[in-house]
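A.B. asks: Below is the sequence, then the predicted model.
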Amino acid sequence: MIFSIFAALYIMAEKNFIYRNPVESNELLWYACITRPRSEKLAFSRLSEVGIESYLPLQKSRRRWSDRIKWVDIPLFRSYVFVRVNHDLSRQVLVTEGIVRYVAFGERPVPIPDRQIEAVKLLLGQGVDLEVTSENFTPGAAIEVIAGPLIGLKGELVQVRGSKKVLIRVGDIGQGLLVTIEPGMLSRI
């Protein structure tokens, strides 16, 4: 499953982005790191403590226990933390508690364009109900949101699920975001 999640990232990086290994470059680039299971928050905290720019997308979720119901922040992408590093910081990430390795194909970590991280931040900042899916996508129509809080967001329409859920592939990170939005708020580009 992990391979299928980032297979599209590898393909898009191959087409659109020159590979830069953080060990070989002084430019700050975003990379995805795999964490130990359920250690995303710990890894993010440790990275922040040592001054490494990192991003852990969190989403509020309602959880029910036998005695109570509580809202908790859960990682949007399980077992992943994003870091922005260069050659000098790359090894420090790997020795951080909770981090297992960079997401890599072959021996090359795959950089993530800044615009992809910004797109995830934009979606989470809008308070939209998101669900991450790692389905294999079939190409569809290029769309743009023309109304509502996500106005201006561009992506690829992958599937319509029911009357109010539209699956939109946003960017090249190989993840689909299931956004609750009315199809009437979309327009073909």
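C.D. replies: Great, that's in hand.

A.B. asks: Can you give me the pLDDT of Thr96?
C.D. replies: Per-residue confidence (pLDDT) for Thr96: 94.

A.B. asks: what does Leu150 give?
C.D. replies: Per-residue pLDDT puts Leu150 at 73.

A.B. asks: all numbers from here: first residue = 39
C.D. replies: Shifting the count to begin at 39 puts that one at Leu188.

A.B. asks: Could you check how far the nearest residue to it once chain neighbours are set aside is from Ile189?
C.D. replies: Spatial nearest neighbour of Leu188, excluding adjacent residues (CB to CB, 6 or more residues apart in numbering): Gln164 at 5.8 Å. C-beta here means a position set from N, CA and C on the backbone, and glycine is covered the same way. Remark: distance between Gln164 and Ile189 (CB to CB, to the nearest Å) = 10 Å.

A.B. asks: When those two are compared, which one has more neighbours?
C.D. replies: Applying other CB atoms under 10 Å to Gln164 and Ile189 shows that Gln164 carries more neighbours, namely 14 against 11.

A.B. asks: Kindly provide the whole-number mean pLDDT of stretch 144-162.
C.D. replies: 85.

A.B. asks: How far does that stretch stretch from one end to the other?
C.D. replies: End-to-end distance of stretch 144-162 (CA to CA, to the nearest Å): 31 Å.

A.B. asks: Check which residues of it are buried.
C.D. replies: Residues Arg146, Pro147, Val148, Pro149, Ile150, Pro151, Gln154, Ile155, Ala157, Val158, Leu161, Leu162 are the ones in stretch 144-162 that count as buried (16 or more other CB atoms under 10 Å).

A.B. asks: Would you confirm that the fourth one contacts Glu65?
C.D. replies: No - with contact defined as CB atoms under 8 Å, Pro149 does not count as touching Glu65 (9.2 Å).

A.B. asks: The residue nearest to Thr134 when sequence neighbours are not counted: helix or strand, and which one exactly?
C.D. replies: Nearest residue to Thr134, sequence neighbours excluded (CB to CB, 6+ apart): Arg84, at 4.9 Å. Using DSSP states H and E, Arg84 maps to helix 78-87.

A.B. asks: what's the answer for Gln130, then?
C.D. replies: Gln130 is part of helix 125-132 when elements are defined by DSSP H and E.

A.B. asks: What is that helix packed up against?
C.D. replies: Applying 3 or more CB pairs under 8 Å, 6 or more residues apart in numbering; DSSP states H and E, one finds that helix 125-132 contacts strand 118-123, strand 137-140.

A.B. asks: Extract the CA atoms of that helix and return them as CSV.
C.D. replies: Output of helix 125-132 as CSV, limited to C-alpha atoms (Å, rounded to 0.1, in the frame of the first residue of the first chain):
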residue,chain,number,x,y,z
HIS,A,125,22.4,18.6,2.7
ASP,A,126,23.4,19.9,6.1
LEU,A,127,20.1,18.9,7.8
SER,A,128,19.4,15.6,6.0
ARG,A,129,21.3,13.3,8.3
GLN,A,130,19.9,15.0,11.4
VAL,A,131,16.4,14.1,10.3
LEU,A,132,17.3,10.4,10.0
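
A.B. asks: Lovely, talk soon.
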